[in-house]
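>>> predicted structure and sequence below. I'll ask about it afterward.
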Amino acid sequence: RLQVEHGITECRYGVDLVEEQMAIAFGVPLRLWENTVPNQHSMQVRVNFEDPKNGFTPNAGRIIRYISPGGHGVRVDSCVAAGYDFPTNYDSAASLLITYGRTWEKTLTLMKRALNEYMISGAKTTIPFFRQLLKREELETGKFHTKFVEDNPSVYDYIDREPEALRISRLMADISAKGY
């Protein structure tokens, strides 16, 4: 059985855990040992359809635009796409965004880039919250803790707004399609 968080372990250790399970099921001896050590730093954020400024309340809606980040050191495990109607009666998770690299600095830089590239329109997500959170120096230096968000309410000081170019292009498309 795999936990939903298995992706971050795979990135940290460079091992495909699903492949390992399948190999064991077919009689291949375990290829991991007690001395197997992580060879990467990794970080994961859970992109949810929630409103962080409203107590992380779940929300739903039709996804009208979905552009996921990519590239070396970026992994997205997602269940959504443009046109998908995100329901209200299930878990609010849309994706797990994972970055990994040889150093913590590289991993953090990749996560900042990935969050800036990630675009989901149609319902509120936790993406703007994570963008704001990753601006904090404490994350770079490792001086954060499990009550960090609670102790630092300024992480909620952001504007949850689409990029201006996207807003204008949507407006132009509506004008062209609807004739006004």
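It's in. Being a predicted model, the structure only gives us computed values, none of them experimental.

>>> my guess is residue 140 meets residue 106, correct?
No - using CB atoms under 8 Å, residue 140 makes no contact with residue 106, being 11.8 Å away. In this view, the C-beta of every residue, glycine as well, is placed from N, C-alpha and C.

>>> for residue 88, grab the count of nearby residues.
Using other CB atoms under 10 Å, residue 88 has 11 neighbouring residues.

>>> list the contacts for it?
58, 59, 60 (CB atoms under 8 Å, 6 or more residues apart in numbering).

>>> at 10 Å instead, please
For residue 88, the contact set (CB atoms under 10 Å, 6 or more residues apart in numbering) comprises 49, 58, 59, 60, 61.

>>> look up how far residue 93 lies from the third one.
Right, the one you point to is residue 59. 13 Å (CB to CB, to the nearest Å).

>>> repeat that for the fourth one.
Residue 60 sits 13 Å away from residue 93, taking CB to CB as the criterion.

>>> re earlier: of residue 59 and residue 93, which one has the most company?
More crowded of residue 59 and residue 93, by other CB under 10 Å: residue 93, with 18 against 15.

>>> give me phi/psi at the more buried one?
phi -70, psi 130 (degrees, to the nearest 10).
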